[in-house]
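S.K.: Sharing a model prediction with you, sequence too.
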Amino acid sequence: MAREVPIGTRAEVTHTVEHRHTLAAITPDLPPVLATPWMIGWMEHACYQAQLPYCEDGETTVGTAIQVDHRAPTTIGQTVIAEAVLEKVDGRFFIYRVTARNAQQPIGSGTVHRAVVNVKKFMEKTNLAIG
């Protein structure tokens, strides 16, 4: 990766919670509130978006570690904003402070670590072809 990523680089993504994003979609006996894996995925997507302008052709970033708390519910129809801010670079790892909120309150926070990979080489290591 030739381009340095400045500390403080940030991005946010916005999603509206649908039934498919809820605990009830997994198990009907559970409440129809945002499932934690979706919140984490949206946080990771914000990290990806923040770093994308700094990737060279053929590069992307992948998550390597996640430490996140999910502290408040979000119901169907509510909007979630996930934000990522680059906090630190540790060797080849980029450490993002992530948060998620709905219109009423913060719903989650933590850190996501990402690494830059060459997509072709990465896929060769997994024995998967890129179509």
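M.R.: Perfect, I can see it now.
S.K.: ok, the residue located most distally from the centre of the chain to Val17 distance?
M.R.: Residue farthest from the centre of the chain, counting by C-alpha atoms, centre = their mean, is Asp29 at 27.4 Å. Distance from Asp29 to Val17, counting by C-beta to C-beta, to the nearest Å: 19 Å. (Each C-beta comes from the backbone N, C-alpha and C, glycine too.)
S.K.: ditto for Thr99
M.R.: According to C-beta to C-beta, Thr99 and Val17 sit 17 Å apart.
S.K.: Please apply the same query to Asp57.
M.R.: In terms of C-beta to C-beta, Asp57 sits 35 Å off from Val17.
S.K.: between those two, who's got more neighbours?
M.R.: Higher neighbour count among Asp57 and Val17: Val17, with 22 against 6, using other C-beta atoms under 10 Å.
S.K.: give the contact list for the more buried one.
M.R.: Neighbour list for Val17: Leu34, Trp38, Thr74, Thr75, Ile76, Gly77, Gln78, Thr79, Val80 [criterion: C-beta atoms under 8 Å, 6 or more residues apart in numbering].
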